[in-house]
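Student: Have a look at this fold, sequence not included:
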């Protein structure tokens with residue numbers, strides 16, 4: 001077994017910044033910054049410090065203040081507030097903002113949805129657009145619904161199409177080639193409507209775990225299908241050609257990777273299929289459940305419910321989400337995200353802790369303004385993206401460190417009180433974020449597509465942003481903030497992290513360390529006991 005270095009994680013950086021806020025980075029956070037975020041020269045040597053990075057980001061985002069005020073003191077004030085927000089680790093923006101703000105690339109959004117239209121020209125335009133976005137660190141989502149099914153007629157050539165899965169593979173290979181400019185691995189979401197004739201191919205495409213490894217996939221299920229399934233699960237599952245609108249059922253002898261639309265059986269005008277054995281709604285549902293249990297794919301997206309909450313239905317219908325599914329977007333739309341570190345929103349009171357809602361409100365105020373500024377500071381890869389993003393000004397303020405907050409409050413993660421805290425905290429953040437957005441609308445104007453939106457009601461305040469909150473997963477930014485990831489439970493109180501060839505490092509959760517020190521039990525004996533338990537666990541997992 002590789003020897004484990006039994007040393008506590010040192011504080012990599014701990015000094016006062018120009019704003020008077022201490023920047024404290026654990027070793028893991030510093031390693032992530034050096035590997036992915038700090039500027040480097042041609043030899044790979046870092047040419048900026050973490051403080052330089054946060055200053056670069058704060059300055060670039062605060063520059064948008066100049067669009068609304070000619071007073072340089074206003075811009076300088078918000079630069080300091082944004083800087084303090086990040087170096088205190090109360091808040092972190094999404095990775096593209098940390099990577100690109102104040103740099104030539106300049107693309108600051110994390111989430112994109114691109115349309116995939118049913119022509120060779122438009123398909124490969126979307127692949128090119130994907131490459132531009134992913135080169136700068138953005139993630140992309142697609143709906144493959146419009147693509148005609150495998151074996152369908154192509155009038156221009158007189159031939160037949162190879163179908164959505166083959167073109168999806170071209171998108172996936174493009175992501176593999178780009179690898180997001182070495183910043184991080186590319187991420188995508190692929191979606192298909194449950195009524196598409198190639199739905200069986202889509203549902204089985206990721207059974208081979210070596211395929212489409214840079215994609216999450218989700219089946220879009222309509223309310224109509226779900227209600228029909230609940231009433232008549234044994235009825236044949238009906239699919240529809242998006243090109244011709246003709247409807248079919250799938251015979252039992254259909255060979256998933258060999259058959260195409262010519263093997264389907266067309267239903268009559270009244271919707272009745274000929275006598276025979278066909279895939280039922282129950283069969284389709286069972287395949288979804290079975291494959292999701294085996295591999296985690298596919299997910300399910302209730303697309304009508306998503307559109308029920310579409311804030312700008314007059315602009316278009318939502319057909320896809322970003323890679324992790326938390327941000328539904330219109331075609332060409334983008335959104336920038338940021339997360340509040342809830343572990344920093346807890347104050348010590350006597351011998352216990354409580355949520356500091358005043359601090360949380362102040363943090364929300366600054367974070368919402370930060371995210372709204374990003375919409376203006378952004379360099380957009382395509383004019384279509386710029387137009388709709390500036391038109392809706394969607395932002396996504398979320399959280400990380402939720403499990404840390406619960407630990408400090410003495411609340412078990414898997415408990416009803418934890419659910420109550422989650423509802424109370426996120427409701428508070430949502431209300432405060434909308435209040436800040438309303439104030440920004442008074443100061444800067446409502447988002448341009450406000451008229452006709454779901455907020456355009458008598459006596460309702462105008463908003464600066466069509467959306468304000470999104471609970472996103474927080475991978476590397478939670479490591480930088482030394483916080484538990486997103487709303488997930490703590491990975492482990494102690495674990496071993498591979499940091500270099502031949503060296504593993506013992507990582508101790510900072511709150512566990514803090515509480516062990518306060519209890520007077522932290523020291524070599526405890527670390528030795530933890531190390532022994534981890535080694536036993538590793539031995540069992542290997543055997």
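Tutor: Okay, I see it. Bear in mind the structure is a predicted one, so any value in this text is a computation, not a measurement.
Student: And the chain, split by domain according to the record?
Tutor: 4-107+332-480, 115-320, 494-542 (automatic domain parsing).
Student: closest to residue 326 out of those?
Tutor: Set against residue 326 and scored by CB to CB, these come closest in domain 4-107+332-480, at 5.2 Å. C-betas here are computed from N, CA, C, even on glycine.
Student: chain center to the closest one, what's the gap?
Tutor: Centroid separation for domain 4-107+332-480 versus its chain: 14 Å, with CA atoms, centre = their mean, to the nearest Å.
Student: Please state the mean pLDDT value computed over the helix or strand containing residue 125.
Tutor: Assigned by DSSP states H and E, residue 125 belongs to helix 120-135. Averaged over helix 120-135, pLDDT sits at 94.
Student: Roughly how far does the closest residue to residue 508 other than its chain neighbours sit from residue 344?
Tutor: The shortest distance from residue 508 to any non-neighbouring residue, by CB to CB, 6 or more residues apart in numbering, is to residue 494 (5.3 Å). Going from residue 494 to residue 344 by CB to CB, to the nearest Å gives 22 Å.
Student: Neighbour count for those two, which is higher?
Tutor: More crowded of residue 494 and residue 344, by other CB atoms under 10 Å: residue 344, with 22 against 17.
Student: Hmm, that one is touching residue 402, no?
Tutor: No: between residue 344 and residue 402 there is no contact under CB atoms under 8 Å: 11.9 Å.
Student: so the residue nearest to residue 508 makes contact with residue 510?
Tutor: No: the pair residue 494 and residue 510 fails to qualify as a contact (CB under 8 Å) at a distance of 11.2 Å.
Student: Let me see the residues that make contact with the next helix-or-strand element following the helix holding residue 125.
Tutor: Downstream of helix 120-135, the first helix or strand assigned by DSSP H and E is strand 139-143. With CB atoms under 8 Å, 6 or more residues apart in numbering as the test, strand 139-143 has contacts from 110-116, 126, 130, 133-134, 171, 186-193, 220, 319-324, 329.
Student: Filter those residues down to just the ones in helices.
Tutor: 126, 130, 133, 134, 171 (DSSP state H).
Student: I'd like the residues you listed written out as CSV, with neighbour count added.
Tutor: Formatted as CSV, the ones in helices among the contacts of strand 139-143 follow (neighbours: other CB atoms under 10 Å):
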residue, neighbour count
126, 20
130, 25
133, 26
134, 27
171, 24
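Student: Same list (the residues you listed) but as a markdown table, adding distance to residue 273.
Tutor: Below are those laid out as a markdown table (distance: CB to CB, whole Å):
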| residue | distance to residue 273 |
| --- | --- |
| 126 | 34 |
| 130 | 38 |
| 133 | 42 |
| 134 | 43 |
| 171 | 33 |
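Student: Out of these, flag the one nearest to residue 96.
Tutor: Nearest to residue 96 among the ones in helices among the contacts of strand 139-143, with distances taken as CB to CB, is residue 133, at 9.4 Å.
Student: Please enumerate the strands of the stretch 301-450 of the chain.
Tutor: 320-321, 328-329, 334-341, 346-349, 352-355, 395-400 (DSSP state E, counting those that start in this stretch).
Student: max-length helix in the chain?
Tutor: Longest helix in the chain, counting by DSSP H: helix 416-444.
Student: How about the secondary structure of the closest residue to residue 314 other than its chain neighbours?
Tutor: Nearest residue to residue 314 in three dimensions, chain neighbours excluded: residue 452, at 3.9 Å (CB to CB, 6+ apart). Three-state assignment for residue 452 (DSSP: H, G, I helix; E, B strand; the rest coil): coil.
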